Every structure is written in C-alpha cells, then in structure tokens.
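1. Following is a predicted model, sequence given first.
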Amino acid sequence: MRLILSRKGFDSSAGGCPSPVLPDGSLCVLPIPDTRSRIRYDDVVFDKRRLGKIARDLTGGRIRGSHGAHLDPDLIAGAYPRGEGWRPLLGQTGSAQGHLRNQGVEPGDLFLFFGVFRHAEMHNRRWRFVPGSRPFHALWGWLHIDRVHTVDEMAPDALRWARYHPHLHGEPDPGNTLYTSSLSFPLAGGAEVWPGSGVFPKLREDLVLTAPQSRLPTRWRLPAGFYPGDKRPPLSYHTRPDRWCLEPPWCYLSCAARGQEFVLDLDAYPELKDWLTGLLRTGRAGQHPL
C-alpha cells in the first residue's frame, strides 16, 4: 500500500488564506475557488453553516457565496446535494496527477489529506482569524482508492452520480483523473476494518504536522517512523537528506513548498501502521459507516 500525503484546501495561493479552525475545534476545510465549477460556496454546508459567509469574511470579500467552489476531495455526504449512488471521490490533473501516475498510485492505496489552517473566531458578527495566531499544517481526512477513472475515457453514462463534480466540467484533458472511494479497507496485517473515506472532525495534537513553536507551516514534526535512513525510499519530493532530522521519538522535515501529492511506500515503513491506526480510530466516516 502507498500512502499519499495530499495537500488540499485554501492556502496563500489558492483562496489567499488558511482554512479556519472554528472555536469548537472543528477543521472547516474551504475548497479552493474555481470559476468553472457549478458548485457555489453558498451551496456547501459545514456543520449547518454555509461556507459562503465563512469564505467571504475570512477573505475580506474577495470570495463570496456566489463564487464557484472546487469541492474536491468531496468526502462528506451531507455537504452538498448529490444523486443516488454517490460515493466520496477525488479529482486530480496536471503535474500532480503525473506524479501520482509515475509513483504507481493505484486501487488499494490511501490518500491522507492535509491543509493549512489557522484558528478563527466570531467577532462583531463576522469571522476573523484569532489575532496573533499562526497558520499550520494539519491532517483532516482520508480516501482509500477503490477505482481510478480517466475522465476523457469514461463512457457517457459512467458515474452519472458524479456529473456535478468540477473535474467533469472542464476542457478535454488526457490527465484528468477521478479516484473513487472504497467502502472499507484493512491496513496490512490488521484485523480492524476502516471506512473507505472520512474526516477528522476536531483538531487534535496528533493531527498537527507543523512542529511546535515553528513560524513556518512547512517545518514538520512527524513520528520517527517516517525517517528514511539509507535503505528505504523517502517520501516523494523529499529525497534530499538535509530535509530530514531524526530526534526520536520524532523526525523533523522541511516540507516542500511546492507539490500537492507526496507518496510513501508503506511496505517499507511498517512501523507507521500503529500511527495510522490511531488516526483512523478517531475519524468519522464520509458516507459508509462500518
């Protein structure tokens, strides 16, 4: 199994700010803007809140509820109206999809989504980021791949329930790809079975990737089991030894500022199974309960 650390949601270039951590600790992932999308921010619901107001307030009005939202990955059943047969899915294209293809990503592999977040609060009836708080990277969801679909090669009646998705409303693109979620999956050698997709609803220390006290979101603190050493392939995009520092029980990584998809061969890192198990035990299924 491959593990793909996949960067998704608002950031300084797509959206112009972090996604908010709401006062109750909820990780509210804002989908990036997309002028071609048929989905509007006001159409998307997060815990009974429309994303339009949150996006408008936090961007100072640059993004409004009527603007197109690239709802991708789409993991939570109640977030948006969809057709019968829907299941969680992810779209990818361009150089990021080329990297996934070159890394051999296939059914049975696991996406673990992360994004940049910052604590937010309501002030004078408007959302704002908490003064003095800093942005950081955190994990927020997962998708275990059931099938991989090349959009330009799909039959006209294939995945009819997915026709709302932004990756089905662009120009022809040979790299345009959809990844649909499995119903459930085990980790190698494990007895427990996990939902094929879901989210981590509330911020916890073990979801935070950014090292404590770091001023840069890209300075990560990971379990020591991520450390590549000399005999196993490192996380893709992070092959330079000077990016890594081992200080058990942690290792520190200067994460690549560019790139969306970072791939790791879990067969070479069996010690990460317990870490993944601990994360998945605290997740909430996107659509398919166990």
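-> The structure has been received and is ready for your questions.
2. Give me the three-state assignment for the residue positioned nearest the centre of the chain.
-> For the chain, the residue nearest the mean C-alpha position is residue 113 (2.5 Å; CA atoms, centre = their mean). Assigned by DSSP: H, G, I helix; E, B strand; the rest coil, the conformation of residue 113 is strand.
3. Name the nearest residue to it, sequence neighbours excluded.
-> residue 141 (4.5 Å; CB to CB, 6 or more residues apart in numbering). From N, CA and C alone the C-beta is placed, and that goes for glycine too.
4. In the helix or strand harbouring that neighbour, which residues are buried?
-> Here residue 141, judged by DSSP states H and E, is contained in strand 136-150. Across strand 136-150, burial judged by 16 or more other CB atoms under 10 Å covers 136-146, 148-149.
5. Past it, which element shows up next along the chain?
-> strand 177-181.
6. In this structure the residue nearest to the centre of the chain contacts residue 138, no?
-> No: taking CB atoms under 8 Å as the definition, residue 113 is not a contact partner of residue 138, at 10.0 Å.
7. Taking the chain centroid, which residue in this protein is the extreme one?
-> The chain, farthest from centre, CA atoms, centre = their mean: residue 124 at 31.1 Å.
8. Quick check: the gap between that one and residue 209.
-> Distance of residue 124 to residue 209, given as CB to CB, to the nearest Å: 32 Å.
9. any idea how far residue 26 is from the residue nearest to the centre of the chain?
-> In terms of CB to CB, residue 113 sits 15 Å off from residue 26.
10. ditto for residue 153
-> Going from residue 153 to residue 26 by CB to CB gives 38 Å.
11. Please say which of those two ends up with more neighbours.
-> Under the criterion of other CB atoms under 10 Å, the comparison of residue 153 against residue 26 puts residue 26 first, with 16 against 10.
12. Which stretches in this structure count as helices?
-> Secondary structure of the chain (DSSP state H): helices at 51-58, 94-102, 273-280.
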